[in-house]
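A.B. asks: Below: sequence and its predicted model.
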Amino acid sequence: MNELLEQLVGTFVPSATGPAGRSQLVSLCHTLLTSRLSAAPIPDLFHTSEAVQRSLARAGRQSHAVAFADLVRRLESMAVVTRKWSVVHVLAALAETGDVPLPAKPLPRLLMPTSAGAASSTLPSAAVGLSAAAAKEVEMVRRGAGEGAVRAGSGNDGGVSENELLRDVIYALQGIDGRVVAFDKRAQAFAVDPRARVKAGQANLVRRVAELGWLYMRVKAFVVQASAAPSLGLVGQALVGALQGELAEYFKLLAVLEAQVAAGPGAHGQALTLRRLVVWVQDPLVRMKAVAMVADAARGLQGGELVSTIHAFAKHGDPFVAAFVESLLEQVCVPFFAMTSRWMFDGELADPFGEFFVVPNGAASADEAWHGKYELVDGLVPSFVGPDLASDILRIGKSVAFLRRACGVTDFAFDGALVGAWEAVTYASASSQLAGLVAAASDAVNAAVRSTLLGQFKLMPVLDICRRYLLLGQGDFVGYLMELLDDELARPASQVFRHNLLGILETALKSTTPIADAELADKLDVMLLEASPGDIGWDVFSLDYVFTGPLTTIFTNDVRAKYLQLFSFLWRLKRVERHLSSTWQRHVNSASALRQLPELDLVVRKCHILRNEMAHFVFNLQYYIMFEIEGAWTELVELLTSDRTHLDLDAIYGAHEAYIDRILERVLLDGSAEELLSLITQIFALISKFRTTQDVFYDSAMGEVARRAAAEARAYERVLAGEWGTTDKESDASASSYYQLTPQARAQLGAFNVKYDELVTQLIDMLNAQSASALRNLSFRIDFNEFWKSKRSSNP
């Protein structure tokens, strides 16, 4: 190997003089090939100590960095220790043992360094101990170090000394104008007085360092302005406190710099220079830029919006800036997590400045205690929380408030481990823990709400009472109530009084309600709707239920209005059914008497046929509606009582509302099938009119029967007296009555037949055209034997 090295030296350095020189070059090559080419440490106490301080500052140990700087100054003043740099270097190397390899022995220098080289050699490697931005700045200083060193070494030729510039720069770092360096308001930067005799290189270094002072002024102005704002808010106060902490660390840095300037050259003659100051302030400059960037973006923002704005900087491409922003968010998010904890676990808003994303709605009525009292403000939701998680947090707090205020539950409390885990949440752990803790809290409070409603407040029995009485599922009660109300509701609406109806309702309930339901059924009430001209009691009567306590959250005014809408329709359907039943009863009671009028047999027979057709339609429509109600009820019961479902209060309310909406849709009351509903309403009106006409017809027929019976009795008496049984006048009157009654009855019956056929045919056609299979099934039930289809074919 030595022979090869000698050939290499002979080839590239043929001018090497003498064996001694050639041997020295061969030895140097051998050393290069066998050594580890790591950076050689510079025996400079100042740069070694500042590298250690930068490392401590990057680790978030600014106070330790300041303490270390003080210890180094005390070490410099100790005459006992002569190799001060070696002591600090060994301690620094020991601290980094295991993380980086130990440096190799420095290579010997063949040539004496020039003054420029010596100056540049005092600068640390840009790759060691600096952030990316700071390393870039150091490299720029390194490239210009040689020329600057020559100029600095040659003196200032009667100009401003570097010591004076350093003093002014220290002032500039505090936002104070110096003798030579002052703040230029037009340029918004610190600059050297153009009249001062300062070299261009020095002025450039001053501008670089003084940028830190300009950034400090911006941050300080924000802190002062924000602190004076009356509506700063808790999150804003946390931000100001964090920035004040940054400024406090900055002041410690200034104290170190001032001490360095005041100390002058140390034991090794290493004084603080502008170039060294540029290197020293690079990391603080990057950090202050990040602070100023956050301060500028935070102006005028509050609460969650402020947190979201700062959180956006956590995605910065520079890891140094991202780490700083994350440490800042640790402090800023403390009041946010405290407000969230108070809301979730106590159901209370501790938000005096309106910073939390849950806000109370003072305009909400008592009926809207759950649905409208609290609202979610999307703009105040921190970006690391998200809308879905914010909605869950809103529901948890509302559920806790519902339990404690509406339900009066005082013994509910979350698991201590859950509360403790939440209290330990910080910004750093939020991404991994927040969703799980919110889900656990949601499950706990939802189970308590569901248990309270189903148990203490008997939600399911109340829903069943509404189904049986408001939706007319209790047949014996409905029939008996109608029978009792018949005379009262036949009056004009203006003559119907609620207190009379309440007494009738109480009688019907006592006669038909099981004892187990008596307590809940007692809350049934009577409501009289607003009457229109010509309305009678049947048109304005409605049943209602008095909901109290937390049940008003489930049965809101909107839900009660839907129950009223369903009751009105079903009540009218029951009334039509009752009309047909009364018509049939009238026929049965009059059948024997009408045999005395054989000329009316055909009319009566057609009346029976039409009444049966109407009854068939009404019974099938009623069956269809009750089937849909029972189907929806079965699904609701399974959903609310199943142990497999974890429903919150919103889900319980939504399930009940979906149950009512499904019934409204199937009964054609949701507004989606107005034409179908209009046809059904017309059929109801036609049936009611048919019943009235039939009553008139039977009254007339029974009157004719009575008249003929009286005429026969008179004729019999006359015959016994030896007179003619019937006079010509009485015969003419009897014939006139026959000719008036029969044709009129036939005409009216024919009109009803035609109109009813027309309406039912249209209804069947429209039902067949519906997409819902249930409605098509209703069409099949009405025309199961294709009677209407054949009738339509025969009468195109």
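C.D. replies: Structure's in. What do you need? Numbering: from 1, shown residues only.
A.B. asks: Just give me the neighbour total for Asp525.
C.D. replies: By other CB atoms under 10 Å, the residues close to Asp525 number 14. To be clear about C-beta, it is placed using only N, CA and C from the backbone, and glycine gets the same treatment.
A.B. asks: which SS state does it fall under?
C.D. replies: strand (DSSP: H, G, I helix; E, B strand; the rest coil).
A.B. asks: Also Gly671?
C.D. replies: Following three-state DSSP, the label given to Gly671 is coil.
A.B. asks: Would you mind measuring from it to Tyr563?
C.D. replies: 17 Å (CB to CB, to the nearest Å).
A.B. asks: Of these two, which one has the most company?
C.D. replies: Tyr563 (20 against 9).
A.B. asks: from what I can see that one touches Ile660, true?
C.D. replies: Yes: the pair Tyr563 / Ile660 is scored as a contact, 7.0 Å apart, by CB atoms under 8 Å.
A.B. asks: quick one, strands of the stretch 201-350 of the chain?
C.D. replies: Assigned by DSSP state E, counting those that start in this stretch, the strands in the stretch 201-350 of the chain number zero.
A.B. asks: Just the endpoints, please. Distance across stretch 219-236?
C.D. replies: 14 Å (CA to CA, to the nearest Å).
A.B. asks: tell me the mean pLDDT for that stretch?
C.D. replies: Mean pLDDT, stretch 219-236: 90.
A.B. asks: That one: which residues count as buried?
C.D. replies: Val219, Lys220, Phe222, Val223, Ala226, Leu232, Gly233, Leu234, Val235, Gly236 (16 or more other CB atoms under 10 Å).
A.B. asks: can you list those in JSON lines and add distance to Cys607?
C.D. replies: Formatted as JSON lines, the buried residues of stretch 219-236 follow (distance: CB to CB, whole Å):
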{"residue": "Val219", "distance to Cys607": "96"}
{"residue": "Lys220", "distance to Cys607": "99"}
{"residue": "Phe222", "distance to Cys607": "92"}
{"residue": "Val223", "distance to Cys607": "94"}
{"residue": "Ala226", "distance to Cys607": "89"}
{"residue": "Leu232", "distance to Cys607": "85"}
{"residue": "Gly233", "distance to Cys607": "81"}
{"residue": "Leu234", "distance to Cys607": "81"}
{"residue": "Val235", "distance to Cys607": "81"}
{"residue": "Gly236", "distance to Cys607": "84"}
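A.B. asks: which of these sit farthest apart?
C.D. replies: Between any two of those, the greatest separation by CB to CB is 21.8 Å, found for Lys220 and Leu234.
A.B. asks: The closest residue to Val438 other than its chain neighbours: which element?
C.D. replies: Excluding its sequence neighbours, the residue lying closest to Val438 (CB to CB, 6 or more residues apart in numbering) is Asp392, at 5.2 Å. Asp392 is part of helix 387-401, with elements assigned from DSSP states H and E.
A.B. asks: and the longest helix for this protein?
C.D. replies: Across the chain, the longest stretch assigned as helix under DSSP state H is helix 674-720.
A.B. asks: Counting by contacts, list what it packs against.
C.D. replies: Under the contact definition 3 or more CB pairs under 8 Å, 6 or more residues apart in numbering; DSSP states H and E, helix 674-720 sits against helix 557-594, helix 601-641, helix 728-768.
A.B. asks: Could I get the buried residue list for the shortest one?
C.D. replies: By neighbour count, and taking 16+ other CB under 10 Å as the criterion, the buried residues in helix 557-594 are 559-560, 562-581, 583, 586-587, 590, 594.
A.B. asks: and the helices and strands packed on helix 674-720 as JSON lines, adding mean pLDDT and distance to Val13?
C.D. replies: Below are those laid out as JSON lines (pLDDT from 0 to 100; distance: least, CB to CB, whole Å):
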{"stretch": "helix 557-594", "mean pLDDT": "91", "distance to Val13": "99"}
{"stretch": "helix 601-641", "mean pLDDT": "92", "distance to Val13": "94"}
{"stretch": "helix 728-768", "mean pLDDT": "75", "distance to Val13": "108"}
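A.B. asks: Leu5: neighbouring residues, count only.
C.D. replies: 18.
A.B. asks: any idea how far it lies from Ile554?
C.D. replies: Leu5 is 95 Å from Ile554, where distance means CB to CB.
A.B. asks: repeat for Val419
C.D. replies: From Val419 to Ile554 the distance is 29 Å (CB to CB).
A.B. asks: same thing with Ala490?
C.D. replies: In terms of CB to CB, Ala490 sits 36 Å off from Ile554.
A.B. asks: Give me the residues contacting stretch 558-566.
C.D. replies: Residues outside stretch 558-566 that contact it (CB atoms under 8 Å, 6 or more residues apart in numbering): 466, 470-471, 527, 542, 544-545, 547, 555, 656-657, 660-661, 663-664, 667, 669.
A.B. asks: one more time with 6 Å
C.D. replies: Leu470, Leu471, Ser542, Ile660, Leu669 (CB atoms under 6 Å, 6 or more residues apart in numbering).
A.B. asks: Likewise for stretch 486-502?
C.D. replies: Contacts for stretch 486-502 (CB under 6 Å, 6+ apart): Val526, Leu528, Ala531, Asp535, Ile536, Gly537, Trp538, Val540, Phe541.
A.B. asks: Bridging across strands, which residues link to the first one?
C.D. replies: Assessed by DSSP bridges, Val526 has beta-bridge partners Leu543.
A.B. asks: Tell me, what's the model's pLDDT at it?
C.D. replies: Reported pLDDT for Val526: 95.
A.B. asks: Please compare Val419 and Ile554 by neighbour count and tell me which comes out ahead.
C.D. replies: Ile554 (20 against 16).
A.B. asks: give the contact list for that one.
C.D. replies: By CB under 6 Å, 6+ apart, the residues touching Ile554 are Tyr653, His656.
A.B. asks: State the phi and psi torsions of it.
C.D. replies: When quoted as degrees, to the nearest 10, the phi and psi of Ile554 stand at phi -80, psi -40.
A.B. asks: what do you get for Leu232?
C.D. replies: The phi/psi pair for Leu232 (degrees, to the nearest 10) is phi -60, psi -40.
A.B. asks: Please name the nearest non-neighbouring residue to it.
C.D. replies: In space, Leu232 is closest to Ala226, 5.7 Å off (CB to CB, 6+ apart).
A.B. asks: these two touch, right, that neighbour and Gly241?
C.D. replies: No: contact criterion CB atoms under 6 Å: Ala226 and Gly241 do not qualify, at 10.5 Å.
A.B. asks: Could you pull out the buried residues of the following helix or strand past the helix holding Asp392?
C.D. replies: Using DSSP H and E, the next helix or strand after helix 387-401 towards the C-terminus is helix 416-423. Within helix 416-423, the residues scored as buried using 16+ other CB under 10 Å are Val419, Trp422.
A.B. asks: returning to that earlier point: tabulate the contacts of stretch 558-566 (JSON lines), appending distance to Glu162 and pLDDT.
C.D. replies: As requested, those are exported to JSON lines (distance: CB to CB, whole Å; pLDDT from 0 to 100):
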{"residue": "Leu470", "distance to Glu162": "94", "pLDDT": "95"}
{"residue": "Leu471", "distance to Glu162": "95", "pLDDT": "95"}
{"residue": "Ser542", "distance to Glu162": "97", "pLDDT": "96"}
{"residue": "Ile660", "distance to Glu162": "86", "pLDDT": "96"}
{"residue": "Leu669", "distance to Glu162": "91", "pLDDT": "90"}
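A.B. asks: Rebuild these as CSV, extending it with distance to His616 and neighbour count.
C.D. replies: Putting the contacts of stretch 558-566 into CSV (distance: CB to CB, whole Å; neighbours: other CB atoms under 10 Å) gives the following:
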residue, distance to His616, neighbour count
Leu470, 27, 21
Leu471, 23, 22
Ser542, 28, 16
Ile660, 29, 22
Leu669, 23, 18
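A.B. asks: Quick check: the farthest pair among those?
C.D. replies: Going by CB to CB, the pair spanning the contacts of stretch 558-566 furthest: Ser542 and Ile660, at 15.9 Å.
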